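1. A predicted structure for the sequence below; I have some questions about it.
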Amino acid sequence: MANRYTGKYAPLSSSRDGKTRDSKRRRHATSDSSVPCSPHPHQGDLQFSATSRAQFEHMDMVHKLNCLFDMISTNYVMNYKLDCLNNSFYHSKVINDVTEARLRLLEYKSLDIEARSLRNNLIFNGFPECVGTEECTQTILEFLTSKLNMTLGLHSIVEARTIGRRIVARAQGTTRGRAILVTLSDPRYVNDIMDSAKLLKNTHFGISRDYPREISEARKELWPEFKAAREKYGSKSVKMLFPAALSVHGEVIRNLFPDWHSVLRGSRNSDVASRVDQRFQKITADYAVSAQPPKLSTEPPKEPISVREVQSASEDESDAAVDEPELPTETPRRPKGKAPAAPKQRSRKPSLSPTKLSSRQPGYLM
C-alpha cells in the first residue's frame, strides 16, 4: 500500500527494489569537528539523548569545548533576543497606557463641555402632545404659574420643544404626550425651578436636568439606590452629586466616575515622549524589584546548644518557677498594725553554676 504521507511529512520513501530509504535532509554539525553535535537535542527522544551523550563522552577535550562554546553562544543569543522582546513589550505597554490616559482625558473633556452647554436646559414630563413651539412655551409658562407659583416672563425661555418619537397607544387610540425640553436664559432660573420641584410630589408631572447620554445612564443606574437611601436616612442627608455619585451624610458611598476630577486636571498639551519615558522607567524598575531574589538574613548562625545545656536550662526554669512566688492581682486586706507574712522558701538552694546563671532570666537573678 502506498504511503499516504507525502512531501516533507514523509520520513521514509520506498525505492524500486522495495527497500526503504531515508529521504530527510541530514543534519550538519554546527562545530568544526567531524563528530555531529547538536546544540538543541530532542528532550523527548530518549534514543537521541542517549546517542548524543555517548558521542559527547567519546569526544576529545577540544571537541567538547567546541560543543560547549556553541551552546553558550546560542544561549547568549537567545537571552539577548528575549531581553529585546521584553523591552519592546514593556515599551508597547507604556505607549498603550499613555494612549489610554490621553483618550480618557479627551472623553471626559468632551462630556464636561457637553454638560456645561446643557446646564440651562430642563426636561418637563407629564404634558399632553404640543403641536408647535409657541404652544409648548405657553404651556410651560402656565405650568410654572399654576403648579410652582413662579412668574417668568416670555424672555426667560429661549426655546421650548418636544423631544422623542410620537408614540400612539393601540389600546386607547390616542397619542401619548412627549417630554418638553426647555432652554432658559439664565442658570438662576434653572436653580429656582429645581428648588420648587418638590411641590410636584404625588403628581404625574416631573422635572429633571438635561445631561449627556453617558451621564444620564449612569444616574439612572444610581436612582434605585438613591431612593432607598432617602427613605432610610432622610432627604436632607442624601444627595446625588455630579456627574454620578451617591453621597450620604457628606460621604460618597458609590461613584460611577471615580477618576473624573483627577483625569480632568490633566493637560492635553503634555509631552508624550517624556511621559512614555517616565512610565517606561517606572515599569522597568518595578520589574527589576520583583525579579530580585529574596534577601537572605545577614545575621551569623547561632551556635548549636548541647543537650546538657538544654536540660540544665529546663531544670533552672522549673526551679525558678517554684521559687518565685505568684504576685496577687489585688492587694489583700490585712489587719491593721500587722505586717504581711513572708513567703515560704525551699530549704534547698539551687546551685549557682555558670551554666545555670547564663540560662536564667534577668528577672530571677535580681
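-> Yep, that arrived. Numbering: from 1, shown residues only.

2. low-confidence ranges, the stretch 151-300 of the chain, go.
-> Across the stretch 151-300 of the chain, the ranges flagged by pLDDT under 70 are 166-176, 287-300.

3. can you map out the helices along it?
-> Taking DSSP state H, counting those that start in this stretch, the helices of the stretch 151-300 of the chain run over residues 187-195, 213-233, 260-264, 272-291.

4. any chance of those helices in CSV, with distance to Gly177 and mean neighbour count too?
-> Bear in mind the C-beta positions are built from the backbone N, C-alpha and C, glycine included. As requested, the helices of the stretch 151-300 of the chain are exported to CSV (distance: least, C-beta to C-beta, whole Å; neighbours: other C-beta atoms under 10 Å):
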stretch, distance to Gly177, mean neighbour count
helix 187-195, 19, 14
helix 213-233, 20, 14
helix 260-264, 35, 13
helix 272-291, 51, 12
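
5. and these as TSV, adding distance to His249?
-> Listed next are those as TSV, based on distance: least, C-beta to C-beta, whole Å:
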stretch	distance to His249
helix 187-195	21
helix 213-233	7
helix 260-264	21
helix 272-291	38
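
6. which of those sits closest to Ser73?
-> Among the helices of the stretch 151-300 of the chain, helix 272-291 comes nearest to Ser73, with 24.4 Å by C-beta to C-beta.

7. contacts for stretch 92-104, please.
-> Outside stretch 92-104, the residues that touch it by C-beta atoms under 8 Å, 6 or more residues apart in numbering are Asp259, Val263, Gly266, Arg268, Val272, Arg275, Val276, Arg279, Phe280, Ile283.

8. just the element for the residue lying closest to Ile283 once chain neighbours are set aside, please.
-> Excluding its sequence neighbours, the residue lying closest to Ile283 (C-beta to C-beta, 6 or more residues apart in numbering) is Tyr90, at 5.3 Å. Following DSSP states H and E, one finds Tyr90 within helix 61-117.

9. what's the farthest-apart pair in the contacts of stretch 92-104?
-> Arg268 and Ile283 (23.6 Å).

10. follow-up on the earlier one: what's the first helix or strand after the helix holding Tyr90?
-> strand 121-125.

11. mean confidence for that next one?
-> What strand 121-125 shows for mean pLDDT is 94.

12. against which helices or strands is the helix or strand following that strand packed?
-> Next helix or strand after strand 121-125 toward the C-terminus (DSSP H and E): helix 133-147. Other elements packing on helix 133-147 under the criterion 3 or more C-beta pairs under 8 Å, 6 or more residues apart in numbering; DSSP states H and E are strand 157-163, strand 179-184.

13. between helix 133-147 and strand 157-163, how many degrees?
-> Here helix 133-147 runs at an angle of 100 degrees relative to strand 157-163 (axes from the mean of the first three to the mean of the last three C-alpha atoms, to 10 degrees).

14. buried residues in helix 133-147?
-> Residues of helix 133-147 classed as buried by neighbour count (16 or more other C-beta atoms under 10 Å): Cys136, Thr137, Thr139, Ile140, Leu141, Phe143, Leu144.

15. ok, stretch 95-115 next?
-> Quick answer for stretch 95-115 (16+ other C-beta under 10 Å): Val98, Arg102, Leu105, Tyr108, Leu111, Asp112, Ala115.

16. what's near enough to touch the last one?
-> Read it as Ala115. So Ala115 contacts Tyr211, Pro212, Ile215, Phe242, Pro243 (C-beta under 8 Å, 6+ apart).

17. mind putting the buried residues of stretch 95-115 into JSON lines with distance to Lys81 and pLDDT?
-> Below are the buried residues of stretch 95-115 laid out as JSON lines (distance: C-beta to C-beta, whole Å; pLDDT from 0 to 100):
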{"residue": "Val98", "distance to Lys81": "26", "pLDDT": "85"}
{"residue": "Arg102", "distance to Lys81": "32", "pLDDT": "89"}
{"residue": "Leu105", "distance to Lys81": "36", "pLDDT": "94"}
{"residue": "Tyr108", "distance to Lys81": "41", "pLDDT": "95"}
{"residue": "Leu111", "distance to Lys81": "45", "pLDDT": "95"}
{"residue": "Asp112", "distance to Lys81": "46", "pLDDT": "95"}
{"residue": "Ala115", "distance to Lys81": "51", "pLDDT": "95"}
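
18. what's the burial count for the closest residue to Glu114 other than its chain neighbours?
-> Excluding the flanking residues, the one nearest Glu114 by C-beta to C-beta, 6+ apart is Pro212, at 4.6 Å. The burial count assigned to Pro212 is 17, neighbours taken as other C-beta atoms under 10 Å.

19. over to Pro212: give its phi and psi.
-> In terms of degrees, to the nearest 10, the main-chain angles of Pro212 are phi -60, psi 160.

20. how close does it sit to Leu85?
-> Separation of Pro212 from Leu85 (C-beta to C-beta, to the nearest Å): 43 Å.

21. ok, the contacts of Ala115 vs Thr74, which is closest?
-> Distances from Thr74 to these, taken by C-beta to C-beta, are shortest for Pro243, at 57.8 Å.

22. out of the helices of the stretch 151-300 of the chain, the one nearest Phe127 is which?
-> Using C-beta to C-beta, these put helix 187-195 closest to Phe127, at 14.9 Å.

23. residues contacting His249?
-> By C-beta under 8 Å, 6+ apart, His249 lies in contact with Tyr233, Ser237.
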